[in-house]
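Colleague: I'd like to go over a predicted model; first the sequence, then the structure.
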Amino acid sequence: MQKLLFVCCLALLAVACNNEAKESSEKKETAEAKPAVTFSMPITYSSSWEIGNPEYAAMIVQGSWKDWQDNKLGDMKSWVADTITAFLSDNVMVTGRDSLVAHWNKGRATYTNVIDTVHAAISLVSTDKKENWVTVWAKEINTLTSGTKDTTEVMETWRINKDGKADLLLQYDRHARKK
């Protein structure tokens, strides 16, 4: 009976070691599938990125884009940090959520209608900095109070803090050419 128990223990040990070797081999293959990249210039923030929490992208699309289109900028208080810093495409830097809401309300009041089309919204996490970011590419067609339409392609990059709120915005745009 003791010999049978001893043989069973050896068999279990062999199976366990074999599984660990397979797992180790699979991890090594995965690491080898992503070779280290050498950049021709220094990357000053991070070059180590993975797909992040998609809920953050949904939050930004709802808050920054849908609420702008629907003229509901007061809803920003639920997803923007009190301490946000925003570098806006109109060359203005705004600090503080209330200041950003006031700035955007003033701008939104110049339009009678807004049609936003979001091309892409991607949630990313910088694995070495352990920070969450969301990038959005979109098109905005605004009708000014004068009736003139203005089409703009916009790119936004939002940082999401540990509380799940946006605390930094980098915004860029390109207006369509007038014909």
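Modeller: Yep, it's here. Numbering: from 1, shown residues only.
Colleague: when you work out contacts or count neighbours from here on, use the C-alpha atoms and nothing else.
Modeller: Noted.
Colleague: mind jotting down where the strands sit in this protein?
Modeller: Counting by DSSP state E, residue ranges of the strands within the chain are 49-51, 80-87, 93-95, 111-126, 131-144, 149-160, 166-175.
Colleague: will you turn these into TSV that also has distance to P35, mean pLDDT and mean neighbour count?
Modeller: Written out in TSV, the entries for these read as follows (distance: least, C-alpha to C-alpha, whole Å; pLDDT from 0 to 100; neighbours: other C-alpha atoms under 10 Å):
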stretch	distance to P35	mean pLDDT	mean neighbour count
strand 49-51	14	96	14
strand 80-87	35	97	19
strand 93-95	39	98	16
strand 111-126	17	97	17
strand 131-144	23	97	20
strand 149-160	27	97	19
strand 166-175	30	96	18
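Colleague: okay, now the domains of the chain?
Modeller: The chain breaks down into these domains under automatic domain parsing: 1-35, 49-175.
Colleague: mind checking how far D150 is from W137?
Modeller: Per C-alpha to C-alpha, to the nearest Å, D150 is found 17 Å from W137.
Colleague: likewise L88?
Modeller: For L88 relative to W137 (C-alpha to C-alpha), the value is 15 Å.
Colleague: so which residue is smack in the middle of this protein?
Modeller: Among the residues of the chain, V134 comes closest to the average C-alpha position under C-alpha atoms, centre = their mean, at 1.3 Å.
Colleague: mind checking how far it is from T151?
Modeller: From V134 across to T151, the span is 23 Å (C-alpha to C-alpha).
Colleague: circling back: out of the domains of the chain, the one nearest I43 is which?
Modeller: Closest approach to I43 among the domains of the chain is made by domain 49-175 (12.3 Å; C-alpha to C-alpha).
Colleague: next, format the strands of the chain as JSON lines and append distance to G63.
Modeller: Written out in JSON lines, the entries for these read as follows (distance: least, C-alpha to C-alpha, whole Å):
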{"stretch": "strand 49-51", "distance to G63": "20"}
{"stretch": "strand 80-87", "distance to G63": "9"}
{"stretch": "strand 93-95", "distance to G63": "17"}
{"stretch": "strand 111-126", "distance to G63": "12"}
{"stretch": "strand 131-144", "distance to G63": "12"}
{"stretch": "strand 149-160", "distance to G63": "12"}
{"stretch": "strand 166-175", "distance to G63": "10"}
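Colleague: sorry, back to before: can you tell me how far the residue nearest to the centre of the chain is from M155?
Modeller: With distances defined as C-alpha to C-alpha, the gap from V134 to M155 amounts to 11 Å.
Colleague: hang on, the earlier thing: which of the strands of the chain sits closest to K66?
Modeller: It's strand 111-126; of the strands of the chain, that one is closest to K66 (C-alpha to C-alpha) at 7.6 Å.
Colleague: ok, that closest one: who's next to it in the sheet?
Modeller: According to DSSP bridges, strand 111-126 has the following sheet partners: strand 49-51 (antiparallel), strand 131-144 (antiparallel).
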